[in-house]
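Undergrad: sequence and predicted structure, then a few things I'm wondering about:
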Amino acid sequence: RYDLGLIARLSAEKNIPLFVKLLAKLNEVSARPITGLIVGKGEEEALVRREIDRLGMQELIELRPWVDRQDLPSVYDQLRCFAITSHHEGFATTLLEAQARGVPAITTYSAGYCAEFVKGVDPVTGIAFDPLDVDSETFIHGLIDLIENSDSYREACRLKAEQFTEDRVLGHIQAGIESLIGQRSTK
């Protein structure tokens, strides 16, 4: 099992060097090694590998190529906690998938609806953070606590993900669009 995992395109907006730095900070204070998994491919792969080397995290972070979507459940099942370190997002499907597999998450506030999803939609199923928080002992210890107690979040994560099924979310959007179209045609 990996303590913290990230599944993303290896691109600048995903801010994967922040993930690597976060794991380095966790390992500075943790009583045991904290391991990480990055699954993805993209134009910043060489940069990510250099950052892993620069911070001496080669033994603690595994970088794997992207897998087919149908193989992602087995990847999520290897994680204690899921991470989104993006500069910006909409609502990441990987977050919803991780939660559906019972995996709590951390996400940057700048990652669109992701932060609201883990922290603002009951029950709380993770931590939202600012990139500067990586240097905060309070944040690091809170994340270690989330990782160590990840099993206690499993059912809440699954229940929350069920609230955001395609039919429920897209059904409301479709009904709204149809309502707007109906209002427009009557004018």
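TA: Arrived safely, thanks for sending.
Undergrad: for this structure, which segments count as strands?
TA: In the chain, the segments counted as strands under DSSP state E are 2-7, 36-39, 61-64, 79-84, 105-108, 126-129.
Undergrad: could you dump those into CSV and include distance to F164, mean neighbour count and mean pLDDT?
TA: Where you see a C-beta, it was placed from the backbone N, CA and C, and this is true even at glycine. Formatted as CSV, the strands of the chain follow (distance: least, CB to CB, whole Å; neighbours: other CB atoms under 10 Å; pLDDT from 0 to 100):
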stretch, distance to F164, mean neighbour count, mean pLDDT
strand 2-7, 18, 25, 98
strand 36-39, 22, 23, 98
strand 61-64, 27, 18, 98
strand 79-84, 15, 26, 98
strand 105-108, 13, 26, 97
strand 126-129, 14, 24, 97
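Undergrad: adding distance to A92, write those strands out as CSV.
TA: Listed next are the strands of the chain as CSV, based on distance: least, CB to CB, whole Å:
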stretch, distance to A92
strand 2-7, 9
strand 36-39, 14
strand 61-64, 18
strand 79-84, 6
strand 105-108, 8
strand 126-129, 12
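Undergrad: for Q163, which non-adjacent residue is closest in space?
TA: Nearest non-adjacent residue to Q163, counting by CB to CB, 6 or more residues apart in numbering: V121, 7.5 Å away.
Undergrad: how many neighbours does the one you found have?
TA: Neighbour count for V121, taken as other CB atoms under 10 Å: 13.
Undergrad: would you check that it makes contact with K160?
TA: Yes. When contacts are counted by CB atoms under 8 Å, V121 is listed as touching K160 (6.3 Å).
Undergrad: what segments of the protein are helices?
TA: 16-29, 45-54, 72-76, 93-100, 113-115, 137-148, 154-162, 166-185 (DSSP state H).
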